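Student: Need a 3D model of the sequence below.
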Amino acid sequence: MELGQKLRQARLEAGLSQRQLCENAITRNMLSQIENGSARPSMETLTYLAGKLGRPIGYFLGEAAASANGEAISQAREAYGKRNFAALEDALEHYCGPDALLDGEYYLLKQLLLLEKAKNAIESSRSAHACQLLKEAEALPDCYRIPELEQRRMLLLARASREPVALPADDFPNLVRAEQAWKTGKLQRCLTFLEACENQEDELWQFLRGEVAFWQGDYEKATMYYSQIESLRPRECYPRLEQCYRAMENYKKAYEYACKQR
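Tutor: Numbers count the residues shown, from 1 in each chain. Predicted coordinates:
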């Protein structure tokens with residue numbers, strides 16, 4: 001039995017007219033088209049109709065399809081847990097939407113897969129392919145896109161694209177990523193994240209910016225950043241300021257900061 005026929009039968013069994021079932025959610029004309037098979041409802045419409053009729057979504061989509069989707073998502077979930085992205089991609093290819101119960105998890109796993117593939121493409125110097133994957137991630141339905149993953153997508157795009165990219169304005173994740181990049185010696189990447197931050201008076205931002213300048217040999221600029229936060233981070237800033245002043249041959253200031261460390 002087709003979806004429209006199932007809807008009509010369920011409506012009649014519930015003793016509802018088309019007007020009573022539609023209320024203000026959809027038009028009677030649209031319901032007639034759906035029941036006649038000349039139109040297919042969106043997942044939002046089908047969810048509403050199923051709720052009014054007291055039937056699960058799977059009843060109208062077909063239990064076989066619902067079961068197959070459940071199996072595909074289960075396999076995809078297991079593959080992601082094992083970081084087996086080839087198996088994850090294969091499992092998602094067997095998913096057949098729309099499915100109101102499973103679409104959310106499907107699109108989450110799809111985003112994670114595309115971002116992982118894009119990261120691998122960047123690391124293997126295939127930036128053009130990475131950009132293509134990231135555009136595919138951007139094209140996923142807005143209602144299923146997660147802000148944290150969207151930030152990650154934009155950061156990957158900034159690495160892959162030759163053109164300037166507007167990075168997320170949320171400073172906290174950018175500062176965390178900048179600090180991680182600094183810890184692993186990736187100074188240019190650290191600087192990219194720092195430049196994406198709006199609040200450039202943050203203590204951590206000042207310190208990391210000083211670190212980048214220090215390792216680039218710009219001791220005057222490094223001194224400026226360290227000096228602004230030396231009272232907040234004395235153990236880290238005093239040795240750096242001593243080194244900067246020595247490099248600039250200002251031995252009086254270098255001695256001053258050497259004494260502060262005692």
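
Student: tally of neighbours for residue 75?
Tutor: Neighbours of residue 75 under the rule other CB atoms under 10 Å: 17. No exception for glycine: its C-beta is placed from N, CA and C like everyone else's.

Student: quick one: buried residues of the helix or strand harbouring it?
Tutor: Take DSSP states H and E as the rule and residue 75 turns out to sit in helix 63-81. Neighbour counts over helix 63-81 (16 or more other CB atoms under 10 Å) mark 66, 69, 72, 73, 75, 76, 79, 80 as buried.

Student: Columns distance to residue 161 and pLDDT on top of those, output as a markdown table?
Tutor: Formatted as a markdown table, these follow (distance: CB to CB, whole Å; pLDDT from 0 to 100):
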| residue | distance to residue 161 | pLDDT |
| --- | --- | --- |
| 66 | 40 | 56 |
| 69 | 35 | 77 |
| 72 | 32 | 87 |
| 73 | 32 | 88 |
| 75 | 33 | 90 |
| 76 | 29 | 92 |
| 79 | 29 | 92 |
| 80 | 26 | 91 |
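
Student: which of the residues you listed lies closest to residue 14?
Tutor: Taking CB to CB as the measure, residue 14 lies nearest residue 66 of the buried residues of helix 63-81, at 21.1 Å.

Student: can I get the CA coordinates of the helix holding residue 75 in PDB?
Tutor: C-alpha atoms of helix 63-81 as PDB (Å, rounded to 0.1, in the frame of the first residue of the first chain):
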ATOM      1  CA  GLU A  63       8.600  -0.900   8.400                       C
ATOM      2  CA  ALA A  64      11.200  -2.500   6.000                       C
ATOM      3  CA  ALA A  65      12.600   0.900   5.200                       C
ATOM      4  CA  ALA A  66      12.600   2.000   8.800                       C
ATOM      5  CA  SER A  67      14.400  -1.300   9.800                       C
ATOM      6  CA  ALA A  68      17.000  -0.900   7.000                       C
ATOM      7  CA  ASN A  69      17.700   2.700   8.100                       C
ATOM      8  CA  GLY A  70      18.000   1.600  11.700                       C
ATOM      9  CA  GLU A  71      20.600  -1.000  10.700                       C
ATOM     10  CA  ALA A  72      22.500   1.500   8.500                       C
ATOM     11  CA  ILE A  73      22.700   4.000  11.400                       C
ATOM     12  CA  SER A  74      23.700   1.300  13.900                       C
ATOM     13  CA  GLN A  75      26.500   0.200  11.600                       C
ATOM     14  CA  ALA A  76      27.600   3.800  11.000                       C
ATOM     15  CA  ARG A  77      27.600   4.600  14.700                       C
ATOM     16  CA  GLU A  78      29.800   1.600  15.400                       C
ATOM     17  CA  ALA A  79      32.100   2.500  12.600                       C
ATOM     18  CA  TYR A  80      32.500   6.000  13.800                       C
ATOM     19  CA  GLY A  81      33.200   4.800  17.400                       C
END
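
Student: which secondary structure elements does it contact?
Tutor: Judged by 3 or more CB pairs under 8 Å, 6 or more residues apart in numbering; DSSP states H and E, the packing partners of helix 63-81 are helix 57-61, helix 85-93, helix 103-123.

Student: sorry, back to before: and which of the buried residues of helix 63-81 is nearest to residue 162?
Tutor: For these, the closest approach to residue 162 (CB to CB) belongs to residue 80, at 30.9 Å.

Student: give the contact list for that closest one.
Tutor: Contact analysis of residue 80 by CB atoms under 8 Å, 6 or more residues apart in numbering lists 88, 109, 112, 113.
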